[in-house]
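Peer 1: how does the following fold in three dimensions:
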Amino acid sequence: MKFCISRNIDSHLIKDRVPTKYKNLAASCESQLRGACTLITFPHEDRDIVKSNLVGKALKRLGSLTDSQLVVVGGCFSVEATKILNSKNVIFLSLSDKYRTDTYSHAHDVYSA
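Peer 2: Below is the predicted model of the structure:
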């Protein structure tokens, strides 16, 4: 799976549209959501690294986002992907707290100090 974009989801339904292991996390973020949301589901297994090039492709396909909040689901977002998504004020749903880069993501975990 590369990514899946779901548009115009009522905020209270986000927790029903995310993969099973993300449901509790989505429910805990529900109070931050208002109105309609757009959900992008990236590869979401623990070992999956969501890199900036994939994020760029998803955002290009998404186009402009006017009235909707953006929620993203992914295994582990690289530093570069996180920077891109932060510029869009997204709500992240990720079970990983690992610090990875696009170029070094598969070899070693790099933890921030």
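Peer 1: got the end-to-end distance for stretch 87-103?
Peer 2: Across stretch 87-103, the terminal residues are separated by 21 Å (Cα to Cα, to the nearest Å).
Peer 1: what sits against Q32?
Peer 2: Counting by Cβ atoms under 8 Å, 6 or more residues apart in numbering, Q32 touches I91. In short, each C-beta sits where N, CA and C put it, glycine included.
Peer 1: return the set of buried residues in stretch 33-49.
Peer 2: By 16 or more other Cβ atoms under 10 Å, the buried positions in stretch 33-49 come out as L33, C37, T38, L39, I40, T41, F42, P43, H44, D48, I49.
Peer 1: and those, which two are the farthest apart?
Peer 2: Using Cβ to Cβ, the buried residues of stretch 33-49 span at most 25.9 Å, a distance reached by L33 and I49.
Peer 1: what's the spacing between M1 and D97?
Peer 2: Distance of M1 to D97, given as Cβ to Cβ, to the nearest Å: 22 Å.
Peer 1: same thing with K88?
Peer 2: Applying Cβ to Cβ to K88 and D97 gives a distance of 21 Å.
Peer 1: who has more neighbours, these two?
Peer 2: Counted by other Cβ atoms under 10 Å, K88 and D97 do not tie: K88 has more neighbours, with 13 against 8.
Peer 1: ok so, going back, please produce JSON lines containing the buried residues of stretch 33-49, extended by distance to G63, secondary structure and pLDDT.
Peer 2: Shown next, in JSON lines, are the buried residues of stretch 33-49 (distance: Cβ to Cβ, whole Å; DSSP: H, G, I helix; E, B strand; the rest coil; pLDDT from 0 to 100):
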{"residue": "L33", "distance to G63": "21", "secondary structure": "coil", "pLDDT": "90"}
{"residue": "C37", "distance to G63": "16", "secondary structure": "strand", "pLDDT": "93"}
{"residue": "T38", "distance to G63": "10", "secondary structure": "strand", "pLDDT": "94"}
{"residue": "L39", "distance to G63": "15", "secondary structure": "strand", "pLDDT": "95"}
{"residue": "I40", "distance to G63": "12", "secondary structure": "strand", "pLDDT": "97"}
{"residue": "T41", "distance to G63": "17", "secondary structure": "strand", "pLDDT": "97"}
{"residue": "F42", "distance to G63": "17", "secondary structure": "coil", "pLDDT": "97"}
{"residue": "P43", "distance to G63": "22", "secondary structure": "coil", "pLDDT": "94"}
{"residue": "H44", "distance to G63": "23", "secondary structure": "coil", "pLDDT": "93"}
{"residue": "D48", "distance to G63": "25", "secondary structure": "coil", "pLDDT": "90"}
{"residue": "I49", "distance to G63": "25", "secondary structure": "strand", "pLDDT": "91"}
